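**Student:** what shape does this take:
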Amino acid sequence: MWLNNQKTGQATILYAYSLGKAQRVLSMLNNEIGPIVVHPTIETMNQIYRDSGIPLPETIPWSSLQPSMAKEGVLLIVPPGTQSTQWQTLIGNHTEAYVSGWMKVRGIKRRQNMERGFIISDHADWPSLLQTIQETRAENIWVTHGYTATLVRFFTEMGLSAKELKTQFRGDQLELGDDHSV
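**Tutor:** A predicted model of the protein is given here:
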């Protein structure tokens, strides 16, 4: 999709959650195809991954986004909460796709008004989650998105160090100032 869009001078917008999903997508990309611009909430998580020794391709900060980049076939990875906001008019001609386990459900892509949907789920089943924690000997478990208090209590009662990870961005929205809200 990205390569085909480049040939026609279009940008590609890929909607992926800031924590986990975006990094998983990035890890599978060939950054030699072209520039990859990421939303600030995604770049914050990318830096944590990089600081932890997890390699990710080079990305361009959101603040460097220019309308002319669409003609270069830029790939933008942004949180789903930014869909249908005014920043898309800055990029011009583009194609949109959504990355989610929900893309497996019939009709979701159409209801999201997406041209493409990529099925990637990052949800773990309970036995696999416990097995992963045991096998990795995780010293700290950070829980986010979902029934966090219940999970933290469960892991703490097992004698593990668990904490709720609260995100600093509300609904993956970040104010850029003036009239630009992302």
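**Student:** nearest residue to residue 34 in space, please, no chain neighbours.
**Tutor:** Distance criterion C-beta to C-beta, 6 or more residues apart in numbering; nearest residue to residue 34, sequence neighbours excluded, is residue 73 at 5.0 Å. Glycine gets a C-beta too; all of them are placed from N, C-alpha and C.
**Student:** quick check: the gap between residue 82 and residue 143.
**Tutor:** Distance of residue 82 to residue 143, given as C-beta to C-beta, to the nearest Å: 25 Å.
**Student:** ignore what I typed, I meant residue 27.
**Tutor:** Distance, residue 27 to residue 143, by C-beta to C-beta: 22 Å.
**Student:** looking at those two, which is more packed in?
**Tutor:** residue 143 (18 against 12; other C-beta atoms under 10 Å).
**Student:** is it true that that one touches residue 152?
**Tutor:** Yes. In this structure, residue 143 is within contact of residue 152 by C-beta atoms under 8 Å, at 5.4 Å.
**Student:** which neighbours do those two share?
**Tutor:** Common contact partners of residue 143 and residue 152 (C-beta atoms under 8 Å, 6 or more residues apart in numbering): 162-164.
**Student:** and those, which is closest to residue 90?
**Tutor:** residue 164 (35.4 Å; C-beta to C-beta).
**Student:** what lies in contact with stretch 151-164?
**Tutor:** So stretch 151-164 is in contact with 133, 138-144, 148-149, going by C-beta under 8 Å, 6+ apart.
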